[in-house]
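[1] Based on what follows, work out the 3D shape:
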Amino acid sequence: MAAIAPAHKVASRHAGLVRVTHWITTLCFLALLVSGVEILISHPRFYWGESGNVLTPALFTIPIPASRATFPTRFGYVLPDQNGWSRYLHFQTAWIAVIAGMIYVIYGFLNGHFRAGFAGYNLVQRLTYLFVIFVLFPLVIWTGLAMSPAIAAAMPGAVTLLGGQQSARTMHFFVSAFLFLFLLVHVTMVCRAGFRNRMRGMITGRSSTQ
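    Just a heads-up that it's a prediction; the model follows:
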């Protein structure tokens with residue numbers, strides 16, 4: 001008699017609010033990444049302190065072409081200047097990401113999502129996700145706001161704690177780089193765990209189990 005294959009059960013995985021905020025945050029992160037790169041190209045040089053320009057010593061310089069002729073590079077050409085729309089998109093998208101993130105965190109605490117959602121992860125994975133949610137995301141928001149002249153005027157202490165606006169910009173760059181690395185690791189983990197099933201869970205809220 002032929003063996004009967006075990007039936008696949010469909011289990012509830014992610015609530016609707018979690019899925020919506022996840023995809024909003026994903027789209028926002030991609031928009032922030034593209035616009036952030038465009039902003040970086042306009043001045044690929046970093047400083048520490050309150051001020052910095054091409055006439056002051058740099059902490060480090062990224063060796064890429066710039067989009068402004070006033071920025072000296074070793075390349076013999078200047079990239080198209082996209083700084084206007086990229087700054088507007090970066091600022092607007094950042095607020096959407098902040099709102100979506102706040103909704104996600106509040107929901108996670110009120111409904112036990114963090115406790116239930118992390119049940120399938122090992123200790124290192126749990127600590128990594130918690131570090132990203134409660135350390136890197138708040139820090140990238142703080143350093144981003146600290147670069148705003150309006151925020152610096154209204155809350156100078158928030159900028160001073162970071163060492164100045166240029167220090168905030170440098171920290172913002174490194175935190176963003178760490179978040180991008182986390183994204184790559186996250187996607188790799190999803191693929192290893194079963195891409196179609198994980199994506200199904202994050203889109204429909206349900207995933208199949210044996």
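
[2] so where's this protein shaky on pLDDT?
    The chain contains residues with pLDDT under 70 at 1-13, 116-120, 207-210.

[3] Could you verify that residue 49 is part of a helix?
    No: counting by DSSP: H, G, I helix; E, B strand; the rest coil, one finds residue 49 to be coil, located in no helix.

[4] my guess is it meets residue 168, correct?
    No: assessed by Cβ atoms under 8 Å, residue 49 is found out of contact with residue 168, at 10.3 Å. The way it works is simple: take the backbone N, C-alpha and C, and place the C-beta from them, glycine included.

[5] of those two, who's got more company?
    The neighbour comparison of residue 49 against residue 168 (other Cβ atoms under 10 Å) goes to residue 168, with 24 against 13.

[6] would you list every one of the helices in the protein?
    16-42, 83-110, 113-117, 123-131, 137-146, 149-154, 156-160, 165-204 (DSSP state H).

[7] on contacts alone, who are the packing partners of the first one?
    The elements that helix 16-42 packs onto, with contact taken as 3 or more Cβ pairs under 8 Å, 6 or more residues apart in numbering; DSSP states H and E, are helix 83-110, helix 165-204.

[8] Buried residues in it, which are they?
    18-19, 21, 24-25, 28-29, 31-33, 35-36, 38-42 (16 or more other Cβ atoms under 10 Å).

[9] Kindly report the same for the longest one.
    By 16+ other Cβ under 10 Å, the buried positions in helix 165-204 come out as 165-173, 175-176, 178-179, 197-198, 200-202.

[10] What helices and strands are in contact with it?
    Against helix 165-204 (3+ Cβ pairs under 8 Å, 6+ apart) you get helix 16-42, strand 45-46, helix 123-131, helix 137-146, strand 206-209.

[11] For that helix, what is the distance to the chain centroid?
    Distance of helix 165-204 from the chain centroid (Cα atoms, centre = their mean, to the nearest Å) equals 7 Å.

[12] Number of residues surrounding the closest residue to residue 78 other than its chain neighbours?
    Nearest-residue entry for residue 78: residue 69, 5.1 Å, with adjacent residues in sequence omitted and distances by Cβ to Cβ, 6 or more residues apart in numbering. Residues near residue 69, counting by other Cβ under 10 Å, number 10.

[13] just to revisit the earlier point, any chance of the helices and strands packed on helix 16-42 in CSV, plus distance to residue 73?
    Listed next are those as CSV, based on distance: least, Cβ to Cβ, whole Å:
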stretch, distance to residue 73
helix 83-110, 16
helix 165-204, 18
